[in-house]
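> Next input, structure requested:
(one chain, ligands or ions: 1)
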Amino acid sequence: MRILVTGPRGFVGARIMDELGQEAIPAPSLQSFDEEGVRRIVDATQPDLIIHTAAMSDIGTCEQNPEGSYRANVEIPVWLARTGVKCLMFSTDQVYSGCAGEGPYTEEETAPSNLYSRHKLEMEQRTLDINPDTVLLRATWMYDMPRYGVPNRSNFLVNMLRQADISFSSTQHRAVTYVREVSGLIRQASLLPGGAYNYGSENTLTMLETAEWLKNTLALPVNIQDAGYRHHLWMDCSRIKSHGIHFCNTIDGLKKCIVDYSL
Ligand SMILES: NC(=O)c1ccc[n+]([C@@H]2O[C@H](COP(=O)([O-])OP(=O)(O)OC[C@H]3O[C@@H](n4cnc5c(N)ncnc54)[C@H](OP(=O)(O)O)[C@@H]3O)[C@@H](O)[C@H]2O)c1
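Next comes the predicted model:
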């Protein structure tokens, strides 16, 4: 199988490239391409599947550059979907950021409260309209140790290891997911029927409790403060489980990562 991976040097894309090995075809950066350019890449590589990880993925950057966010997070995925090749696209748990209640939220309960997540939700709807086979994976905040040669974006684990003072909410329900599980399950995810899926770990602890668990487990010299209210992002992952895709819960994912890196 030939799988074109966009964002192959990004946080998620680099791990997916590792996972797929010789089946993976790294896409060039799409940042300066128009629709014709995107189509030329797809025509030249003739993929059976496109895994689209490239995005403007930082909420603050999107707010500062709405046109850039629209290009990256809506137009480029729409152009990829229009090529007619089956696409698996990454979306985000931020589509639940304006939901009432503490969750867990099912796939139908979306209420995006920032530009990034509004664009991601528009992307989901438009790509599904173009090709009902499109698989949309709503990912949680993901973590890993730094990887050689790959830019190391801010993530829960590295922030906890590096920072002397950090704050998390004592009321916020959300999960964090080990990115190696995300990449490890990607072949199974590519076989899902078209639609949107909550794709990651679940977590019954608050973010403050999760951070305290990690601090105590690794005896980290970090001072954790209560950040006060943060909106909930807790996803119900029953739908992917019903398709045989199972992630560890957040604490078990952290335990796995601790073992993998001998932390
Ligand atoms: N990381 C997380 O915790 C997280 C959480 C929820 C959802 N997600 C979603 O998961 C996917 C992968 O996230 P990630 O953390 O791997 O992202 P990332 O590392 O921030 O970016 C991935 C790639 O996107 C491309 N890119 C950056 N800016 C762009 C722009 N303006 N236009 C087009 N492409 C651009 C870059 O590839 P090139 O250099 O090849 O252009 C970059 O390597 C994204 O869809 C993101 O929204 C991530």
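> Grab the nearest non-local neighbour of the residue in the chain positioned nearest to the ligand.
For the chain, the residue positioned closest to the ligand under Cβ to the nearest ligand atom is residue 10, at a distance of 2.6 Å. Quick note: C-beta positions are derived from backbone N, CA and C, even for glycine. Closest residue to residue 10 apart from its sequence neighbours, by Cβ to Cβ, 6 or more residues apart in numbering: residue 53 at 5.7 Å.
> Now do the contacts for the one you found.
5, 6, 7, 8, 10, 12, 13, 16, 90 (Cβ atoms under 8 Å, 6 or more residues apart in numbering).
> In strands only, show me the residues you listed.
The strands, defined by DSSP state E, take in 5, 6, 90 from these.
> want to try a markdown table for those residues, with pLDDT and neighbour count as columns?
A markdown table is the format used below for the ones in strands among the contacts of residue 53 (pLDDT from 0 to 100; neighbours: other Cβ atoms under 10 Å):
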| residue | pLDDT | neighbour count |
| --- | --- | --- |
| 5 | 98 | 28 |
| 6 | 98 | 26 |
| 90 | 98 | 26 |
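> Mind putting these into TSV with distance to the ligand?
Supplementary listing: the ones in strands among the contacts of residue 53 in TSV, determined by distance: Cβ to the nearest ligand atom, whole Å:
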residue	distance to the ligand
5	10
6	7
90	3
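> Flag every residue of the stretch 51-200 of the chain that's near the ligand.
53-57, 68, 72, 76, 90, 92, 139, 141-142, 153 (Cβ under 6 Å from any ligand atom).
> And the strands in the stretch 101-250 of the chain?
135-139, 141-143, 165-168, 176-178, 195-199, 223-226 (DSSP state E, counting those that start in this stretch).
> can you put those in CSV and add mean pLDDT?
Shown next, in CSV, are the strands of the stretch 101-250 of the chain (pLDDT from 0 to 100):
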stretch, mean pLDDT
strand 135-139, 98
strand 141-143, 97
strand 165-168, 98
strand 176-178, 98
strand 195-199, 98
strand 223-226, 97
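> Could you dump those into TSV with mean neighbour count added?
TSV is the format used below for the strands of the stretch 101-250 of the chain (neighbours: other Cβ atoms under 10 Å):
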stretch	mean neighbour count
strand 135-139	25
strand 141-143	22
strand 165-168	16
strand 176-178	25
strand 195-199	22
strand 223-226	14
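> Residue 218: how many residues sit nearby?
Number of residues near residue 218 (other Cβ atoms under 10 Å) recorded here: 15.
> I figured it hits residue 257, correct?
No. At 10.8 Å, residue 218 does not count as touching residue 257 under the criterion of Cβ atoms under 8 Å.
> Which neighbours do these two have in common?
With Cβ under 8 Å, 6+ apart, residue 218 and residue 257 have common neighbours residue 263.
> still on that earlier bit, looking at the ones in strands among the contacts of residue 53, which is nearest residue 198?
Taking Cβ to Cβ as the measure, residue 198 lies nearest residue 90 of these, at 12.5 Å.
> Return the distance of that closest one relative to residue 29.
Between residue 90 and residue 29 the distance, using Cβ to Cβ, to the nearest Å, works out to 16 Å.
> Do I have it right that the residue of the chain closest to the ligand meets residue 56?
No. Counting by Cβ under 8 Å, residue 10 does not reach residue 56; the two are 11.1 Å apart.
> and residue 89, how many neighbours?
24.
> so what's residue 166 up against?
Per Cβ under 8 Å, 6+ apart, neighbours of residue 166: 159, 160, 211, 222, 223, 224, 225.
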